[in-house]
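> the following block contains a protein sequence and its predicted model.
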Amino acid sequence: MTVNKKERVHFIAIGGSVMHSLAIALKKKGFEVTGSDDHIYNPSRKMLERHGLLPATTGWDEANITADLDAVILGMHARENNPELRKARDMGIPIYSFPDYIRKQADDKQRIVIAGSHGKTTITAMIMHVLRYANREFDYVVGAQLEGFDNMVKLSDEAPIIIIEGDEYFSSALDKTPKFIRYEHHIGLISGIAWDHINAYKTVDDYVKQFETFADHTPKGGTLVFCEDDDMAMVIASNQRTDVVQLHYPVHPYVIKNDVTYLKTDTGLVPLKIFGRHNMLNLNGAKTLLSRIGVPADLFYEAISSFEGASKRLQLVQKNRSTAVFLDFAHAPSKVEATTSALKERYARHKLVACLELHTFSSLNKNFISDYQDTLNAADEACIYFNPDNNKQKEESKIEIEDVKDAFNFEGLEVFTNVEDLAGYLLSRDWQNANLLMMSSGHFGELDLKDLANKIVNSTNQ
């Protein structure tokens, strides 16, 4: 899509984790971009400021909506009664959700969408890594910062394809359609399905239906890729779709030697910088999809050997010969179980202490927390942190410490509601031949994780 004039777009809720990246991408493309928000936190604030897009004031202002705007892009946390939104609607200015606008910008591209309750960020990152290694032109939308990519969104006129991490959450306050539907994929992948977002999807059936709809929207001549390790994904895959190629992928064969994971291939072992059975699934999903757009297996193996993962996905924070501290974005039950098992599998001779923050709406709900049963069983010790003040549940649905202990079914589980107590507990442990895994989609109450990791590692150097 060529910009014949300097298009003007305004972002309502520009501070969102991907919204700010879209704003930056459009500015780089030559658009005139403005935005507003009632709260903007780091790293969005720093990124917007660096690119000259940080709003001068905080809050909403109808004066931001003017007749010369070509489009308004509406973020997820903007409500229907937002004054800027109301004015834009009254003036008849085109209003787009984030996915609608990405779709508009990718109209003449092959659209590849990665969906799933878990693994989609990593699979998207793997695909991007391999394509860059192969010197292929592509645009992208991804939900995490990746090494070697300066923004989470890239939009250009030249790239023939776009790789999109597809979220199943609502498109906007005006549109309850899942984001991944709005992208209108040509090639789609479903990595796995595990009930989440209970504030949006009240039942498992309602949640699964969104993925079935995603699959059903694959056009004739399109491709669907499914993880055959996931029962629910394979139920969806069992439906025949006219003139749609359906491919299934298993765990890629691998072996662990001296704490290093190797892929087993027809031409020998390929060393990896990542590990864990779930990542071997993610890797094979990326390989299967890339084969559909002309990336041969030998090139894939050559490229994937240098892949280090996405930010906060089993990210190494600090280590020495005796101990290591890892950070992972895991929060849903399936993610917690997979991440904990992966770390224990790689470092089988080390004790594993797993620490999880309950941060999401679902995890803090008394009716959902039982889904975490046995998810920490691969760990030798475990602890849970949650902040009761952040719990937005109705009073009857709020969790208490005993609810957490009952739900996880882990003997000796420690539960903390004060982050200083959590830090004190972790620093009091003996970390000789032991690893710490910190899992959260939040920030552990603004705990300085790097400082904590340094203290833990230094305690074994004395």
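That came through, no problem. Residues are numbered from 1 along each chain as shown.

> in three-state terms, label A25 for me.
helix (DSSP: H, G, I helix; E, B strand; the rest coil).

> hang on, A215 in a helix?
Yes - counting by three-state DSSP, A215 falls inside a helix.

> residue contacts, it?
Neighbouring residues of A215 by C-beta atoms under 8 Å, 6 or more residues apart in numbering: 188, 190, 224, 236-237, 239, 241. All C-beta spots, glycine's among them, are computed from the backbone N, C-alpha and C.

> now stretch 388-403, how far from the centre of its chain.
Chain-centre distance of stretch 388-403: 25 Å, with C-alpha atoms, centre = their mean, to the nearest Å.

> is it true that R182 touches R103?
Yes - counting by C-beta atoms under 8 Å, R103 is a contact partner of R182 at 5.8 Å.

> the two: who's more crowded?
More neighbours surround R182 than the other of R182 and R103, with 22 against 19 (other C-beta atoms under 10 Å).

> can you tell me which of the contacts of A215 has the most neighbours?
I190 (29 neighbours).

> pLDDT score for that residue?
Looking at I190, its pLDDT is 97.

> over to P43?
86.

> where's it relative to R50, distance?
Separation of P43 from R50 (C-beta to C-beta, to the nearest Å): 10 Å.

> likewise H197?
For H197, the distance to R50 - C-beta to C-beta - is 32 Å.

> same check on A56?
16 Å.

> so the two - more neighbours on which side?
Neighbour count, other C-beta under 10 Å: between A56 and R50, R50 has more, with 11 against 5.

> quick check: phi and psi at that one.
Per-residue torsions, R50: phi -60, psi -30 (degrees, to the nearest 10).

> for it, give its distance to D150.
R50 sits 10 Å away from D150, going by C-beta to C-beta.

> kindly report the same for P43.
According to C-beta to C-beta, P43 stands 12 Å off from D150.

> check T288 too.
When T288 is compared with D150 (using C-beta to C-beta), they lie 29 Å apart.

> can I assume Q105 is in contact with S156?
No - using C-beta under 8 Å, Q105 is not in contact with S156; the gap is 9.3 Å.

> which one's more surrounded, the two?
The neighbour count for Q105 versus S156, taken as other C-beta under 10 Å, is higher for Q105 (22 against 15).

> residues touching the nearest residue to that one once chain neighbours are set aside, list them.
Among residues not flanking Q105 along the chain, L155 sits closest, at 4.9 Å (C-beta to C-beta, 6 or more residues apart in numbering). In this structure, L155 makes contact with 25-26, 29, 102, 105-106, 139, 162, judged by C-beta under 8 Å, 6+ apart.

> apply 6 Å and report the result again.
Residues near L155 by C-beta atoms under 6 Å, 6 or more residues apart in numbering: 25, 29, 105, 139.

> excluding residues flanking it in the chain, which one is nearest the second one?
In this structure, K29 finds its nearest non-sequential neighbour in L155, 5.7 Å apart by C-beta to C-beta, 6+ apart.

> ok, now how distant is the one you found from T58?
Distance of L155 to T58, computed by C-beta to C-beta: 27 Å.

> bridged to I12, which residues?
Here I12 sits in beta bridges with S36, L74, as judged by DSSP bridges.

> wait, it touches E84, no?
Yes - in this structure I12 lies within contact range of E84 using C-beta atoms under 6 Å: 5.2 Å.

> please, where are all the helices along this structure?
With helices called from DSSP state H, the chain shows them at 19-28, 44-50, 83-91, 98-105, 120-133, 179-182, 204-216, 231-237, 277-291, 297-304, 333-346, 401-408, 419-427, 449-459.

> in JSON lines, list those along with distance to L69.
Compiled in JSON lines, those are given as follows (distance: least, C-beta to C-beta, whole Å):
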{"stretch": "helix 19-28", "distance to L69": "13"}
{"stretch": "helix 44-50", "distance to L69": "19"}
{"stretch": "helix 83-91", "distance to L69": "8"}
{"stretch": "helix 98-105", "distance to L69": "13"}
{"stretch": "helix 120-133", "distance to L69": "31"}
{"stretch": "helix 179-182", "distance to L69": "21"}
{"stretch": "helix 204-216", "distance to L69": "32"}
{"stretch": "helix 231-237", "distance to L69": "40"}
{"stretch": "helix 277-291", "distance to L69": "37"}
{"stretch": "helix 297-304", "distance to L69": "42"}
{"stretch": "helix 333-346", "distance to L69": "40"}
{"stretch": "helix 401-408", "distance to L69": "48"}
{"stretch": "helix 419-427", "distance to L69": "43"}
{"stretch": "helix 449-459", "distance to L69": "41"}
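
> thought V245 was touching L224?
No - taking contacts as C-beta under 6 Å, V245 lies outside contact range of L224: 7.2 Å.

> common neighbours of these two, please.
Contact with both V245 and L224 is made by no residue, according to C-beta under 6 Å, 6+ apart.

> so what sits against both of P43 and D150?
In contact with both P43 and D150: no residue, using C-beta under 6 Å, 6+ apart.

> next, count neighbours for A159.
A159, neighbours per other C-beta under 10 Å, totals 18.

> please apply the same query to N367.
Neighbour tally, N367, other C-beta under 10 Å: 12.

> so what's it closest to, chain neighbours aside?
S397 is the one closest to N367 (C-beta to C-beta, 6+ apart), at 6.1 Å.

> per-residue pLDDT of that neighbour, please?
pLDDT recorded at S397 is 85.

> one more: D231?
pLDDT recorded at D231 is 92.

> where's it relative to E337, distance?
In terms of C-beta to C-beta, D231 sits 15 Å off from E337.

> again, but for F11
On the measure of C-beta to C-beta, F11 and E337 end up 37 Å apart.

> many thanks, I have nothing further to ask.
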